[in-house]
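*Asks:* I'd like to go over a predicted model; first the sequence, then the structure.
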Amino acid sequence: MTFEEIINQDKPVLVDFFATWCGPCKMQAPILEEVKQHLGDQVSVIKIDVDQNQSVAAQYQVRSVPTLIIFKNGQIRWRQAGVFPANELERLLKENL
């Protein structure tokens with residue numbers, strides 16, 4: 001499945017733009033796992049390494065990591081740079097179900 005196919009799903013897709021060398025990205029990873037455990041198949045959570053996927057990062061003007069974007073049906077519904085708490089991410093994803 002391509003990135004475009006993933007973000008065009010009818011369910012919310014949380015995309016984590018990260019880098020392996022990024023300390024805050026490492027802090028965000030277990031938060032995303034917790035969100036995925038709580039919401040299960042209602043949402044998709046994917047990680048995009050900005051160093052390995054520079055064209056996708058450029059397409060969405062990702063200039064800092066981590067950057068989190070929620071897509072639904074290919075549209076950006078929410079976007080935030082920096083580490084974000086699990087309860088807020090869950091609330092945002094539920095709003096977009």
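*Replies:* That came in fine, so what should we check first? Residues are numbered from 1 along each chain as shown.
*Asks:* Which strand or helix spans the residue most central in space within the chain?
*Replies:* Among the residues of the chain, the smallest C-alpha distance to the mean C-alpha position (CA atoms, centre = their mean) belongs to Val15, namely 2.0 Å. Secondary structure assigned from DSSP states H and E places Val15 in strand 13-18.
*Asks:* cool, Arg77 as well?
*Replies:* Element membership of Arg77 [criterion: DSSP H and E] is strand 75-81.
*Asks:* sorry, back to before: dump the residue contacts of the residue nearest to the centre of the chain.
*Replies:* By CB atoms under 8 Å, 6 or more residues apart in numbering, the contact list for Val15 reads 7, 46-48, 68-71. C-beta coordinates here come from the backbone N, C-alpha and C atoms, glycine included.
*Asks:* again, only this time at 7 Å
*Replies:* By CB atoms under 7 Å, 6 or more residues apart in numbering, Val15 lies in contact with 7, 46, 48, 69, 71.
*Asks:* Kindly report the same for Ala81.
*Replies:* Contacts for Ala81 were tallied using CB under 7 Å, 6+ apart; they are 64, 67.
*Asks:* before we move on, what about Leu14?
*Replies:* Taking CB under 7 Å, 6+ apart, one finds 43, 45, 68, 70, 89, 93 in contact with Leu14.
*Asks:* How about Ile70?
*Replies:* Residues counted as contacts of Ile70 (CB under 7 Å, 6+ apart) are 12, 14, 77-78, 92-93, 96.
*Asks:* That one: what secondary structure?
*Replies:* strand (DSSP: H, G, I helix; E, B strand; the rest coil).
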